[in-house]
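Colleague: My questions are about this predicted structure, shown below with the sequence.
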Amino acid sequence: MSDRPLPAALRYALQAIAYGAFAAMLGYFSTTPAYRLRADNDAVLKLSFTHSAQLAHPCRERSAAELAGLAPNMRTSMSCPRERAMLAVELDMDGKPLYRITAPPAGMHKDGATTVYRRLAIPAGRHQFRARLADGPDGKFNVVRDAAIELAPGQVLIVDFAAGDFLFTRG
């Protein structure tokens, strides 16, 4: 073996071959295998919102003895626990259950908002949706919303909860 370097022309030729092979491999794997985001006749439903449920326990008035036992800066007449109720959400499509969740509130003291996110592929076409939400300590569904929506293939339907009601928005 000699310690002589390769001639510049040979080095450049080998470098061009290596770059060409890398570019061909990159081009091949960028198109093969073919990736399909969803089936040809599918639409997408996204259920996405953040909501603070009602308090899990009602506020109560403190007695005079309780108030006397507290530090002066802590003497408020009402005692309100921070914990929030569990959040239950149900979404039906054409009378059949599509998604069900019962989620706890966030936070170390269970006093934060609950975040719900779900992405579902559904068949395109006309569908009847019913969304229900229970956010009280009794667990009863206090918000119910029905919607009839026509979805084209590839279209996105966003189901949101804001201002006390469900919103169905096509994207």
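Modeller: Now that the structure is in, tell me what you want to look at.

Colleague: Can you report how many residues neighbour the closest residue to Arg84 other than its chain neighbours?
Modeller: Nearest non-adjacent residue to Arg84, counting by CB to CB, 6 or more residues apart in numbering: Pro105, 3.9 Å away. In this view, the C-beta of every residue, glycine as well, is placed from N, C-alpha and C. Using other CB atoms under 10 Å, Pro105 has 21 other residues around it.

Colleague: Is Pro105 in contact with Asp135, as I believe?
Modeller: No: applying CB atoms under 8 Å as the test, Pro105 and Asp135 come out as separate, 9.8 Å apart.

Colleague: what is in contact with the two at once?
Modeller: Counting by CB atoms under 8 Å, 6 or more residues apart in numbering, the residues touching both Pro105 and Asp135 are Ala53, Ala85, Leu87.

Colleague: would a markdown table of those with distance to Thr169 and secondary structure be doable?
Modeller: Shown next, in a markdown table, are these (distance: CB to CB, whole Å; DSSP: H, G, I helix; E, B strand; the rest coil):
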| residue | distance to Thr169 | secondary structure |
| --- | --- | --- |
| Ala53 | 23 | coil |
| Ala85 | 27 | coil |
| Leu87 | 21 | strand |
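
Colleague: With distance to Phe141 and pLDDT added, can I get the residues you listed in TSV?
Modeller: Compiled in TSV, the shared contacts of Pro105 and Asp135 are given as follows (distance: CB to CB, whole Å; pLDDT from 0 to 100):
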residue	distance to Phe141	pLDDT
Ala53	13	96
Ala85	13	97
Leu87	11	97
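
Colleague: Could you pull up the contacting residues of the residue nearest the centre of the chain?
Modeller: The chain has Tyr117 as the residue nearest its centroid, 1.9 Å off, counting by CA atoms, centre = their mean. Residues near Tyr117 by CB under 8 Å, 6+ apart: Lys46, Leu47, Ser48.

Colleague: For the second one, the count of nearby residues, please.
Modeller: Meaning Leu47. 21.

Colleague: in what helix or strand does it lie?
Modeller: Taking DSSP states H and E as the criterion, Leu47 maps to strand 42-51.

Colleague: Which positions within stretch 56-63 qualify as buried?
Modeller: For stretch 56-63, burial by neighbour count (16 or more other CB atoms under 10 Å) applies to Ala56.
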